[in-house]
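J.: Give me a model of this one.
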Amino acid sequence: MKRTALCILFFFAACVSPATAEIAANSAPALKRAVLKARKGETIVIASGRYDLTDLKLPRDVTLKGEGEVVFHSSRPTEKGILNPLWDTSLRVENIRFEGARSPDLNGAGIRHDGLHLTVVNCVFEDNEDGILATGQAKGVITITGSAFIDNGYGDGYSHAIYVADGQELDIRASKFIGTRIGHHVKSLAAVTRIVNSSFDDADGKTSYSVDASRGGRVLIQGNSFIQAANGDNSTLINYDQTRGGTADALVITGNRIVNRNRNGRLLRNETGVVPVIEGNDVRNQAGGRLNTD
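T.: Numbering: from 1, shown residues only. This next block holds a predicted model:
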């Protein structure tokens with residue numbers, strides 16, 4: 001009887017999935033080994049320090065979690081970016097700073113996401129050619145919370161703080177964008193784009209659009225603050241069109257606070273048949289600025 005009970009207990013113990021494991025890393029070589037070793041769904045906890053990484057490919061779903069002050073940078077030109085989730089891979093990153101990504105094609109990214117889902121929490125992207133460049137899967141969901149994008153963009157208008165070239169959803173909340181160089185703060189070709197309770201400041205970056213949704217889709221821009229510079233590369237704040245295809249489903253711009261310093265300022269360029277919902281926005285013209293809200 002005892003032997004039978006022990007066998008049953010062993011069987012059930014073997015069938016129960018273990019708690020998600022954690023792997024520690026305290027150097028760039030250790031992190032690379034941890035990425036290769038990690039099983040799907042595991043968390044790699046990264047100690048404070050600077051990590052010199054170039055095109056670190058992520059073949060399985062993992063979480064990278066920084067403890068203390070963790071900086072990922074690349075001392076060499078990247079092919080794609082500092083981190084590169086591969087096809088069908090989902091990545092979650094927390095508490096990590098990405099800086100200085102450069103590539104020969106002028107699109108070096110802090111994260112070059114070629115995979116499925118991407119979740120970014122409490123991270124900073126500073127002085128990269130692209131903060132995040134997502135070229136992954138049509139069903140992918142990209143979620144960004146409590147993060148900052150500062151002085152990103154090469155400066156030629158083809159690189160941006162965030163560029164989602166494909167995906168089902170882009171959801172940005174409680175994040176800030178400062179001084180994107182010539183390019184857009186957010187360029188989204190996702191089917192659904194939600195930007196809520198975030199801030200956008202052109203600063204000295206001569207930013208183009210704050211938000212560019214050039215595959216139409218369903219777009220919500222709510223409860224954000226915008227500062228449009230006098231010398232921006234583009235005098236329009238938000239662009240909504242179908243130059244990249246897609247369908248024009250809905251556009252809501254509501255409850256935002258807008259400080260405009262551009263004398264030719266324009267809230268929206270809408271080149272679709274959709275009638276946008278624009279309401280409850282607080283527009284303040286400064287330094288001779290005039291904002292056309294039509």
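
J.: Give me the buried positions along stretch 234-247.
T.: For stretch 234-247, burial by neighbour count (16 or more other CB atoms under 10 Å) applies to 234-242, 246. In short, each C-beta sits where N, CA and C put it, glycine included.

J.: Please disregard the earlier target; I meant stretch 202-221.
T.: For stretch 202-221, by 16+ other CB under 10 Å, it's 202-203, 205-221.

J.: Please apply the same query to stretch 88-102.
T.: Quick answer for stretch 88-102 (16+ other CB under 10 Å): 89-102.

J.: Can you give me the end-to-end span of it?
T.: End-to-end distance of stretch 88-102 (CA to CA, to the nearest Å): 25 Å.

J.: Distance from it to the middle of the chain?
T.: 9 Å (CA atoms, centre = their mean, to the nearest Å).

J.: pLDDT of that stretch, averaged?
T.: Averaging pLDDT along stretch 88-102 gives 98.

J.: which stretches of the chain form helices?
T.: Assigned by DSSP state H, the chain shows helices spanning 2-15, 28-37.

J.: Around the closest residue to Gly140 other than its chain neighbours, count how many other residues there are.
T.: Take Gly140 and drop its neighbours on the chain: the residue closest to it by CB to CB, 6 or more residues apart in numbering is Gly167, 4.4 Å away. Using other CB atoms under 10 Å, Gly167 has 25 neighbouring residues.

J.: and Gly167, how far is that from Val277?
T.: 23 Å (CB to CB, to the nearest Å).

J.: quick one: low-confidence parts of the chain?
T.: Applying pLDDT under 70 to the chain picks out residues 1-20, 294.

J.: Could you rerun that using 80?
T.: By pLDDT under 80, the weakly predicted segments of the chain are 1-21, 293-294.

J.: Correct me if wrong: Gly223 contacts Gly280.
T.: No. Counting by CB atoms under 8 Å, Gly223 does not reach Gly280; the two are 9.5 Å apart.

J.: Please name the spatially closest residue to Arg215 (chain neighbours excluded).
T.: Per CB to CB, 6+ apart, closest to Arg215 is Gly246, 3.5 Å.

J.: Wait, that neighbour touches Val219, no?
T.: No. Taking CB under 8 Å as the definition, Gly246 is not a contact partner of Val219, at 11.0 Å.

J.: what residues are shared contacts of Gly223 and Gly280?
T.: 254-255 (CB atoms under 8 Å, 6 or more residues apart in numbering).

J.: So which of those two has more stuff around it?
T.: Taking other CB under 10 Å, Gly223 and Gly280 do not tie; Gly223 has more neighbours (16 against 11).

J.: Pull up the gap between that one and Ile258, please.
T.: Gly223 is 12 Å from Ile258, by CB to CB.

J.: Could I get the contacting residues of Arg26?
T.: Quick fix: residue 26 reads Asn, not Arg. By CB under 8 Å, 6+ apart, the neighbours of Asn26 are 46-47, 49.

J.: residues near Glu169, how many?
T.: Around Glu169 there are 19 other residues, counting by other CB under 10 Å.

J.: Tell me the bridge partners for it.
T.: According to DSSP bridges, the residues that bridge with Glu169 are Val141, Val192.

J.: my guess is it meets Ile144, correct?
T.: No. In this structure Glu169 lies outside contact range of Ile144 using CB under 8 Å: 11.2 Å.

J.: What are the neighbouring residues in contact with the closest residue to Asn270 other than its chain neighbours?
T.: Leaving out its chain neighbours, the residue that sits closest to Asn270 by CB to CB, 6+ apart is Tyr240, at 4.9 Å. For Tyr240, the contact set (CB under 8 Å, 6+ apart) comprises 213-214, 216, 219, 248, 251, 268-272, 274, 276.

J.: Redo these as TSV? Include distance to Asn197.
T.: Formatted as TSV, the contacts of Tyr240 follow (distance: CB to CB, whole Å):
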residue	distance to Asn197
Ala213	18
Ser214	24
Gly216	24
Val219	16
Ala248	25
Leu251	18
Leu268	20
Arg269	24
Asn270	23
Glu271	27
Thr272	26
Val274	24
Pro276	20
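
J.: ok, so of those residues, who is nearest Arg194?
T.: Nearest to Arg194 among the contacts of Tyr240, counting by CB to CB, is Val219 at 7.9 Å.

J.: ok, now which ones touch the closest one?
T.: 188, 192-194, 211, 213, 240, 250-252.
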